[in-house]
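# generate a structure from the sequence data that follows.
(one chain, ligands or ions: 2)
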Amino acid sequence: MKIAVVGAGALGLYYGALLQRSGMEVRFLLRRDFEAISGNGLKVFSVNGDFYLPHVKGYREPQEIGPVDLVLVGLKSFANDRFEDLVRPLLGERTQILTLQNGLGNEEALADLFGAERIIGGVAFLCSNRGEPGEVHHLGAGRIILGEYLRCDNGRVEQLSDMFRKAGVDCRAIDDLKRARWEKLVWNIPFNGLCALLLQPVTSLLAHEATRTLVRELMLEVIAAANVQGLLSPIPESFADSMLEFTDAMGEYRPSMQIDREEGRPLEIGAIFTTPLAYGMQKGINMTRVGMLETLLKQATL
Ligand SMILES: NC(=O)C1=CN([C@@H]2O[C@H](COP(=O)(O)OP(=O)(O)OC[C@H]3O[C@@H](n4cnc5c(N)ncnc54)[C@H](OP(=O)(O)O)[C@@H]3O)[C@@H](O)[C@H]2O)C=CC1
Ligand SMILES: CC(C)(CO)C(=O)C(=O)O
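Ligands and ions are numbered 1, 2, ... in the order given. Got it, this is the predicted structure:
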């Protein structure tokens, strides 16, 4: 399988490197890291063992890559307005597009431009950061769940899961991508939002009764909005408690949105807050606390 990685940052470089190491032909669309990677290859520092790829195919323009079998999208969602320029030149008649971005609306944006039947979504439970040009740091986790954007035959998602598993990624196919996306938001909305706002790690929120309660209330709002979206099965309220326990075990973790704010980068407020709020409103659910958090984040990053 010939794969193009569009959005070759913390997530795209990490998964792309694993796929190349397992024998796939991977072509990376590079910007900041073009010279470093084209000249000296890619170093992966990983909790599962470091490795080095001396020869990596890097390109500055998608036209130089041409049509591939799979486009792996790892852009931050605020760059989705570049889909047309960056993805179109990579498409052949049967090219599949897999987005591993966080939040809602990414599959829809790709489907509107390139056709819904091409689109596959993946929810990545990964902690990776960029390093110096030519380096990526995998700090933990890495599991992916994959689902079709249109609910139909799951065959090709099973094949992609198999490809990721052969590359060493814990990966499985699921029937309800929409449910998986909302489940991830149950974590991302309170923790990414509050940690980015306060510039404090998850432990600060969990240590105090009042902020722990606020996190849980935000989670319950997200679950209520999720459960009117036509999921195959509802998300139980107990999911909020399991997410709190999961986070208790994470220690001083700083969510990606907090790191982005600390480093002065734009935040993915649209995909993680604005679009879920709109989907809730369309079905009559007003997530008031989530709306307040969205407003505060926008104010804080003006
Ligand atoms: N990192 C993680 O652990 C996880 C990330 N995610 C999600 O994955 C997505 C990607 O996140 P992450 O990898 O952390 O983000 P990064 O900012 O590290 O990577 C984004 C990449 O996109 C590239 N890019 C942006 N615009 C262009 C363009 N016009 N042309 C070419 N390349 C471009 C950037 O280029 P340049 O090199 O020039 O900066 C960068 O390499 C997000 O939606 C995030 O929420 C989900 C789970 C975990
Ligand atoms: C759930 C978690 C911690 C890992 O994927 C995450 O999504 C993040 O840091 O943004």
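
# which one's the longest strand in the chain?
strand 135-148 (DSSP state E).

# who are the packing partners of it?
Applying 3 or more CB pairs under 8 Å, 6 or more residues apart in numbering; DSSP states H and E, one finds that strand 135-148 contacts helix 10-21, strand 42-46, strand 119-130, helix 155-166, strand 171-173, helix 177-187. Any C-beta I mention is one placed from the backbone N, CA and C, and that applies to glycine too.

# quick check: nearest residue in space to residue 78, chain neighbours excluded?
residue 266 (5.2 Å; CB to CB, 6 or more residues apart in numbering).

# what's the separation between residue 61 and ligand 1?
Residue 61 sits at a distance of 9 Å from ligand 1 (criterion: CB to the nearest ligand atom, to the nearest Å).

# run a quick neighbour tally on that residue.
10 (other CB atoms under 10 Å).

# tell me the spacing between it and residue 92.
The spacing between residue 61 and residue 92, counted by CB to CB, to the nearest Å, is 17 Å.

# kindly report the same for residue 217.
Residue 217 is 48 Å from residue 92, by CB to CB.

# ok, residue 101 next?
Distance, residue 101 to residue 92, using CB to CB: 22 Å.

# show me which of those two is the more surrounded one.
residue 101 (25 against 10).

# the more buried one against residue 75, yeah?
Yes - assessed by CB atoms under 8 Å, residue 101 is found in contact with residue 75 at 6.6 Å.

# got the residues of the chain near ligand 2?
Within the chain, the positions near ligand 2 by CB under 6 Å from any ligand atom are 125, 126, 127, 141, 187, 188, 192, 255, 256.

# pull out the buried members of those residues.
126, 127, 187, 188, 192, 255, 256 (16 or more other CB atoms under 10 Å).

# which of these sit farthest apart?
126 and 192 (13.9 Å; CB to CB).

# run through the bridge partners of the residue of the stretch 1-150 of the chain found nearest ligand 2.
Scanning the stretch 1-150 of the chain for proximity to ligand 2 using CB to the nearest ligand atom identifies residue 125 as nearest, at 4.3 Å. Beta-bridge pairing for residue 125 (DSSP bridges): residue 143.

# ok, now how distant is it from residue 102?
Distance from residue 125 to residue 102, by CB to CB: 11 Å.

# what touches both of these two?
Both residue 125 and residue 102 are contacted by residue 184, under the criterion CB atoms under 8 Å, 6 or more residues apart in numbering.

# what stretches of the stretch 1-150 of the chain score poorly on pLDDT?
Scanning the stretch 1-150 of the chain for pLDDT under 70 picks out no residues.

# look up phi and psi at whichever residue of it sits closest to ligand 1.
Nearest to ligand 1 in the stretch 1-150 of the chain, going by CB to the nearest ligand atom, is residue 9, at a distance of 1.8 Å. The phi/psi pair for residue 9 (degrees, to the nearest 10) reads phi -110, psi -140.
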